[in-house]
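S.K.: dropping a prediction and its sequence here:
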Amino acid sequence: MNERVKEFLDSVAGKVTVGILIVAMVGMVYWSAKSSFGSSAANLASDRLFICSKTGKSFWHTISKGEKLPVYSKYSGENTGFQAELCFWNADGSIRKEGVPVLLNQYKGDPNPTFCPECGRLVIGHNPPADPSRKPPATKAEWQARKGKELLNNTTDR
């Protein structure tokens with residue numbers, strides 16, 4: 001049997017077959033390396049969580065070069081997708097494991113601050129992750145009380 005394999009490899013068909021196998025193996029190694037190492041940073045930067053401003057439903061979208069906001073939302077069938085901010089707090093100030101996607105009011109044309117629909121805490125652009133060493137953001141009531149004191153102090157200083 002070894003003699004037949006040797007004869008085949010010495011023939012033109014054998015050499016072509018070996019060449020094809022080598023090219024295929026090099027291609028597979030390249031593809032494997034590229035998918036493992038090549039574009040993970042780019043994928044992390046371009047794959048983002050969005051929220052449809054009409055329906056409030058969240059979805060993942062890959063940003064393409066030159067794409068502008070808002071992006072197309074499959075839920076509304078229009079360009080109503082804005083990047084979501086994640087809230088990792090609970091109403092009691094504890095930290096939740098899964099983030100809640102939140103649409104900032106500014107994307108809806110509302111100048112008021114945004115509060116998480118689940119925990120009621122303040123959410124800002126580039127919302128920092130929850131951290132046990134940090135105090136949780138203000139609730140709407142806390143924020144309004146603080147703003148009220150600031151307004152009162154500003155009027156009595158005159």
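M.R.: In hand now; what should we look at?
S.K.: lowest confidence element among the helices and strands of this protein?
M.R.: Ranking every helix and strand in the chain by mean pLDDT, DSSP states H and E puts helix 40-46 at the bottom, with a mean of 64.
S.K.: okay, domains of the chain per the record?
M.R.: Taking automatic domain parsing as the reference, the chain has its domains at 2-36, 45-83, 85-158.
S.K.: any chance of these in TSV, with mean neighbour count too?
M.R.: Where you see a C-beta, it was placed from the backbone N, CA and C, and this is true even at glycine. Formatted as TSV, the domains of the chain follow (neighbours: other C-beta atoms under 10 Å):
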stretch	mean neighbour count
domain 2-36	10
domain 45-83	15
domain 85-158	14
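S.K.: in this structure, which helix is the longest?
M.R.: helix 12-33 (DSSP state H).
S.K.: for the next helix or strand after the least confident helix or strand of the chain, give me every contacting residue.
M.R.: The element immediately downstream of helix 40-46 (helix or strand, assigned by DSSP states H and E) is strand 47-52. Strand 47-52 has contacts (C-beta atoms under 8 Å, 6 or more residues apart in numbering) with 57-63, 71, 73, 75-76, 80-84, 86, 101-103.
S.K.: switch the cut-off to 7 Å
M.R.: With C-beta atoms under 7 Å, 6 or more residues apart in numbering as the test, strand 47-52 has contacts from 58-63, 71, 73, 75-76, 80-84, 101, 103.
S.K.: same question, stretch 135-155
M.R.: Residues contacting stretch 135-155 (C-beta under 7 Å, 6+ apart): Trp89, Gly93, Pro113, Phe115, Gly120, Arg121, Leu122.
S.K.: please repeat the previous calculation with a cut-off of 6 Å.
M.R.: Trp89, Gly93, Phe115, Gly120, Arg121, Leu122 (C-beta atoms under 6 Å, 6 or more residues apart in numbering).
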